[in-house]
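Participant: Provided below for reference: sequence and predicted model.
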Amino acid sequence: TGTWQDRPDHNKFYPDIAVPLELVQQFTIAANTNQSIWADIYIPKTTAAGIYQGTVTVKENGATTYSIAVSLAVRDFTLPDYPSAPTMLYLSDENINYRYLGSAYIDQGTSDYQKSLAIINRHFQVVHRHKISLIDNYIEVNQMNEAWKERLDGNLFTSSKGYDGPGVGLGNNVYSIGTYGGWTWGENWQEDSKSDMWSNTNAWVEWFTGQAFATPTEYFLYLIDESDDYATTEQWAQWMDNNPGSGKNLMSMATVSSPTAWENNLPSLDIPTSGIAMGITNLWENATAALVQNPGKRFYYYNGARPASGTFCTEDDGVALRVNGWIQHKKKIDRWFYWESTYYDNYQGGQGQTDVFTKAQTFGGKEAGLDTEFARGEYGWNYTNGDGVLFYPGTDRTYTAQSYGVDGPLASLRLKHWRREIQDADYLALANAVNPQSTRSIVQRMIPKVLWDYGVENEEDPTYVYTDISWSTDPDAWESARKELAAIIEGNAPEKT
């Protein structure tokens, strides 16, 4: 029948909102149910290696009912502040402003504009603790000093700004100019004008080179998004390459796969950004190898789709995002790009504003009059749970019953899982520097087949692949693999799994 008859969780909510315990200090757990609690532990670099002991005390109605012994093993090495698997996560200033301040568009120079900057900066600080880098929508270069400079020079991530955690003083490490092609909306930038392209790219390069940021910052012009107008894309990229001024040094980026760029004659495009659920293996191998081996190019990956990779959906396995860090290491992906983190207005699905605290669906449409007890659960055009929402609004003027009155975001568990991925990639990089052969063996065991390894003869026929994923969904297997990598880094024989 094409439906699942044994899918008991088809209409259930999945825990994802990591509300700080400071905001909910008491809560009730009904009989015969359980409640997960996530604890972030930041280990300062100065902490000596060794085993640290502690106790978790559980109280019910003020009385201690359980005392649980816990131990923390601190290894004799430090993960790098600059991530070995760089990322790029979009957030929408408009969606944040609408939920926190009641208006999507805030005039520069107003008190609400300053409030908006402060709230958005807290998003940057939260995600910086997860070793993830943010990008936003288009602003003019003359606004950079006020809005972006302290994010890129690292000042936002210092104790004077209330920050502590990984990457103190480290900058955001990436900036997207005109995200999703937004540069074409600029008053001083006409998309059909080569002279505008030259003057504006000159201005951006001169701004960046004038800063001398201590943190290496990858910046580029986001030419166009998910477009098959390859001739225009190549023309813009050629204009940039032929610029007689400093703008010649600005990289060009578009969300187009590396084989598509290869086949459709886009030699001037510097950063083809690929998304894939399946692919023609040899075509992808050849196109991507040529890209990776070219020092003037970059290989970015876009979003995630099974069976090629883990996804960002709330109902995917808990290890899904952890898998992606290993993929990024194995396939030499320079940066992993996820399309949105604050998609609170599901306009593409015709659904409008979403109460993200009570509604699982965040993207796509839903069939009218749907019986949610049907074996397939809720479904519809591009129906997706959690897509585009990795931050939950700490203040919500649209759904006030869900508002915590906090001028900053609540993290999702998927951010935590993504951080584990990035940490794993750091372990992989450190272990690979010590023993490449053993590290490759562990990688091959954990993710034997990913991305275009799931080969098809024609990507258009069929447009889908029925196959299982190649990796384990057992979290203990991933923890064991991390221990093996740690043993390699410390110069010991790999631990048995």
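Facilitator: All right, it came through fine.
Participant: and stretch 61-77, what's its mean pLDDT?
Facilitator: Here stretch 61-77 scores 93 as its mean pLDDT.
Participant: can you list contacts of it?
Facilitator: If you take Cβ atoms under 8 Å, 6 or more residues apart in numbering as the criterion, stretch 61-77 is touched by 41, 43, 47-59, 430, 486, 489-490. From N, CA and C alone the C-beta is placed, and that goes for glycine too.
Participant: In this structure, spot the helix with the most residues.
Facilitator: helix 413-434 (DSSP state H).
Participant: Which elements pack onto that helix?
Facilitator: helix 320-330, helix 436-446, helix 475-489 (3 or more Cβ pairs under 8 Å, 6 or more residues apart in numbering; DSSP states H and E).
Participant: can you do 6 Å?
Facilitator: Using 3 or more Cβ pairs under 6 Å, 6 or more residues apart in numbering; DSSP states H and E, the elements in contact with helix 413-434 are helix 320-330, helix 475-489.
Participant: mind checking pLDDT for residue 264?
Facilitator: So residue 264 comes in at 82 (pLDDT).
Participant: How about the one 3 residues further on?
Facilitator: At residue 267 the predicted local confidence, pLDDT, stands at 94.
Participant: Now the buried members of the contacts of stretch 61-77.
Facilitator: 430, 486, 489 (16 or more other Cβ atoms under 10 Å).
Participant: so where's the chain shaky on pLDDT?
Facilitator: Applying pLDDT under 70 to the chain picks out residues 1-13, 368-377, 463, 493-497.
Participant: Check it for me, the residue farthest from its geometric middle.
Facilitator: residue 63 (41.4 Å; Cα atoms, centre = their mean).
Participant: Which of the contacts of stretch 61-77 fall in helices?
Facilitator: Per DSSP H, the contacts of stretch 61-77 map to helices at 430, 486, 489.
Participant: any idea how far residue 455 is from the closest residue in space to the last one that isn't next to it in sequence?
Facilitator: Put plainly, it is residue 489. Of all residues not flanking residue 489 in the chain, residue 430 sits nearest, at 4.7 Å (Cβ to Cβ, 6 or more residues apart in numbering). Per Cβ to Cβ, to the nearest Å, residue 430 is found 32 Å from residue 455.
Participant: just residue 326 next, same as before
Facilitator: From residue 326 to residue 455 the distance is 20 Å (Cβ to Cβ).
Participant: Neighbour count for those two, which is higher?
Facilitator: Higher neighbour count among residue 326 and residue 455: residue 326, with 25 against 15, using other Cβ atoms under 10 Å.
Participant: Enumerate every residue touching that one.
Facilitator: 446-447 (Cβ atoms under 6 Å, 6 or more residues apart in numbering).
Participant: Tell me the spacing between it and residue 418.
Facilitator: 13 Å.
Participant: likewise residue 335?
Facilitator: 13 Å.
Participant: try residue 336
Facilitator: Residue 336 is 9 Å from residue 418, by Cβ to Cβ.
Participant: How about residue 381?
Facilitator: Distance from residue 381 to residue 418, by Cβ to Cβ: 27 Å.
Participant: Between those two, tell me which one has more neighbours.
Facilitator: Counting neighbours by other Cβ under 10 Å for residue 381 and for residue 418 shows that residue 418 has the greater number, 28 against 11.
Participant: and the residue lying closest to that one once chain neighbours are set aside, what does it touch?
Facilitator: In space, and not counting its chain neighbours, residue 418 is closest to residue 321: 4.6 Å by Cβ to Cβ, 6+ apart. The contact partners of residue 321, taken as Cβ under 6 Å, 6+ apart, are 310, 417-418, 421.
Participant: swap the cut-off to 7 Å and go again
Facilitator: Contacts for residue 321 (Cβ atoms under 7 Å, 6 or more residues apart in numbering) come out as 310, 312, 414, 417-418, 421.
Participant: Closest one to residue 473 out of those residues, please.
Facilitator: residue 310 (10.0 Å; Cβ to Cβ).
Participant: hang on, the earlier thing: need the buried ones among the contacts of stretch 61-77 in CSV with distance to residue 136, can you?
Facilitator: Shown next, in CSV, are the buried ones among the contacts of stretch 61-77 (distance: Cβ to Cβ, whole Å):
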residue, distance to residue 136
430, 32
486, 36
489, 36
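Participant: Tell me how far the closest residue to residue 42 other than its chain neighbours lies from residue 411.
Facilitator: The shortest distance from residue 42 to any non-neighbouring residue, by Cβ to Cβ, 6+ apart, is to residue 165 (5.2 Å). Per Cβ to Cβ, residue 165 is found 12 Å from residue 411.
Participant: Neighbour count for these two, which is higher?
Facilitator: Ranked by neighbour count (other Cβ under 10 Å), residue 165 and residue 411 place residue 411 first, with 24 against 15.
Participant: Confirm that one sits in a strand?
Facilitator: Yes - per DSSP: H, G, I helix; E, B strand; the rest coil, residue 411 lies within a strand segment.
Participant: residues in contact with the closest residue in space to it that isn't next to it in sequence?
Facilitator: In space, and not counting its chain neighbours, residue 411 is closest to residue 18: 4.7 Å by Cβ to Cβ, 6+ apart. By Cβ under 7 Å, 6+ apart, the contact list for residue 18 reads 38, 410-413, 416.
Participant: Residue 404 too?
Facilitator: Contacts of residue 404 by Cβ under 7 Å, 6+ apart are 23, 394-395.
Participant: Looking at these, state which has the most neighbours.
Facilitator: residue 394 (22 neighbours).
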